[in-house]
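In: A structural model of the following input is requested.
(one chain, ligands or ions: 2)
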Amino acid sequence: MTRSILQSARRIIVKVGSSLVTNEGSGLDRQVLGGWAGQISRLKKMGKEVVLVSSGAVAEGMQRLGWKTRPAALYELQAAAAVGQMDLAQAYADCFSEYKLLTAQILLTHDDLSSRKRYLNARSTILTLLNLDIVPIINENDTVVSDEIRFGDNDNLAALVANLIEAEVLVILTDQEGLFTGDPRKHADATLISEISVSDPHIETMAGGTSSGIGRGGMQSKVMAARRAARSGAHTVIASGRVENVLVRLANGEAIGTSLLADMPVKVARKLWLADHLQVRGSVVLDDGASRALLSGGKSLLPIGVVEVRGNFERGEAISCLNTSGREIARGLANYSARESHKIMRRPSSQIEAVLGYVGEYELVHRDNLVIL
Ligand SMILES: Nc1ncnc2c1ncn2[C@@H]1O[C@H](COP(=O)(O)OP(=O)(O)O)[C@@H](O)[C@H]1O
Ligand SMILES: N[C@@H](CCC(=O)OP(=O)(O)O)C(=O)O
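Out: Residues are numbered from 1 along each chain as shown. Ligands and ions are numbered 1, 2, ... in the order given. Prediction:
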């Protein structure tokens with residue numbers, strides 16, 4: 001299994017930590033960034049969709065500001081990140097342009113992904129960028145977060161992005177070869193684990209915090225991230241970013257680093273997540289054609305198949321889909337509010353723009369966000 005995790009995956013999140021984009025924690029190493037761009041462009045040529053989660057804003061900002069040691073105060077870290085993020089985004093744009101690839105900057109906070117509406121917006125922005133063949137480059141929006149709402153580290157952020165867009169694999173690159181039986185900086189006899197289930201209880205005793213002085217979360221946060229990614233069915237690979245061509249070699253099926261295996265496939269996990277988390281805010285009544293399309297065709301719900309809208313829901317909230325006899329046949333996340341849905345129901349999706357003045361999505365509920373009951 002390990003050999004092919006990345007080989008067969010189509011959608012991948014790659015996370016690179018501060019230690020892999022900076023010169024020993026101070027300033028960006030543009031040659032290294034160029035290396036990531038080159039490898040990601042090769043992955044894309046292999047037909048993979050890649051989202052990059054990159055740290056480095058604080059480290060670059062500190063160098064620009066001439067600060068020698070990492071400040072303890074949150075507001076100073078935020079200031080450094082604000083300075084450094086400009087260069088981080090620009091440096092990636094320059095590096096990827098060598099490979100004729102466009103990049104896009106996305107800054108996210110925890111709040112953005114816990115609000116349904118923002119969650120859907122972030123999801124459709126990233127998916128649109130991927131469709132346009134653009135490489136989304138994500139970092140935490142350090143300016144607006146305070147301690148309680150920080151992702152805590154970019155490992156966690158990368159896992160949430162894996163959940164958000166149902167990536168099949170999360171690759172966390174760091175300064176160690178993978179997960180060892182103990183922190184190799186402290187235990188010289190620690191050995192590398194090549195494959196383990198995310199739910200294996202032994203992981204707990206192996207993974208420690210960081211002692212590098214540059215990174216933040218250590219192996220603990222990478223393991224937590226792997227567990228989180230597994231909730232949407234994504235496997236995680238933790239490997240050394242210092243291994244030459246590590247991404248390309250992983251994509252070619254080489255066993256490098258540690259594979260943390262999820263217990264269930266992406267599609268099953270997504271449906272379970274939806275079924276567990278949905279609090280229904282309203283409902284729509286479907287005509288027979290739409291009911292059939294959902295039940296046997298595995299299709300999305302289009303506005304044209306809706307004959308009635310009930311309740312008062314917002315974009316991103318859960319709604320029930322009822323058949324003509326009033327039986328609930330599915331639940332899903334609405335792309336339009338109740339008011340909007342009312343205006344576009346019974347109409348072909350090509351008319352959404354004319355009716356609402358804009359078009360978000362062509363579906364009222366996308367099949368990825370729909371659970372058949
Ligand atoms: N069991 C373990 N296996 C490997 N590394 C570990 C383990 N426990 C703790 N670590 C520490 O985690 C560090 C990597 O995390 P971190 O410094 O946060 O890196 P990054 O900047 O890449 O996120 C390693 O340098 C290592 O010292
Ligand atoms: N937003 C911060 C991320 C800090 C962070 O998580 O660092 P790391 O543990 O090296 O991935 C920055 O860009 O510096």
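In: CA atoms for contacts and neighbours, from now on please.
Out: Fine.
In: give me the contacts around stretch 114-131.
Out: 49-50, 104, 112-113, 135-136, 164-165, 314-317, 335 (Cα atoms under 8 Å, 6 or more residues apart in numbering).
In: just among those, which is most surrounded?
Out: Most neighbours among those, by other Cα atoms under 10 Å: Val135, with 26 neighbours.
In: partner residues bridging it?
Out: Beta-bridge pairing for Val135 (DSSP bridges): Thr103.
In: what separation is there between it and ligand 2?
Out: 17 Å (Cα to the nearest ligand atom, to the nearest Å).
In: over to Val169?
Out: Where ligand 2 is concerned, Val169 sits at a distance of 18 Å (Cα to the nearest ligand atom).
In: name the element Ile319 belongs to?
Out: Here Ile319 sits within strand 318-322, counting by DSSP states H and E.
In: name the helices or strands packed onto that strand?
Out: strand 280-286, strand 328-333 (3 or more Cα pairs under 8 Å, 6 or more residues apart in numbering; DSSP states H and E).
In: the residue nearest to Asp142 when sequence neighbours are not counted: what's it in contact with?
Out: Leaving aside its sequence neighbours, Asp142 sits nearest to Gln78 (Cα to Cα, 6 or more residues apart in numbering; 5.5 Å). Gln78 makes contacts with Val58, Asp142, Thr143, as judged by Cα under 8 Å, 6+ apart.
In: selection in PyMOL covering whichever of those are buried, please.
Out: The buried subset of the contacts of Gln78, as determined by 16 or more other Cα atoms under 10 Å, is captured in PyMOL by this line:
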select buried, resi 58+142+143
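In: and stretch 361-369, which residues are buried?
Out: Tyr362, Glu363, Leu364, Val365, His366, Arg367, Asp368, Asn369.
In: from the contacts of stretch 114-131, pick the one nearest Ala255.
Out: Among the contacts of stretch 114-131, Val50 lies closest to Ala255 (Cα to Cα), at 19.5 Å.
In: so what pLDDT did Arg227 get?
Out: We have a pLDDT of 93 for Arg227.
In: and it, which of the three is it?
Out: Look at Arg227: counting by DSSP: H, G, I helix; E, B strand; the rest coil, its state is helix.
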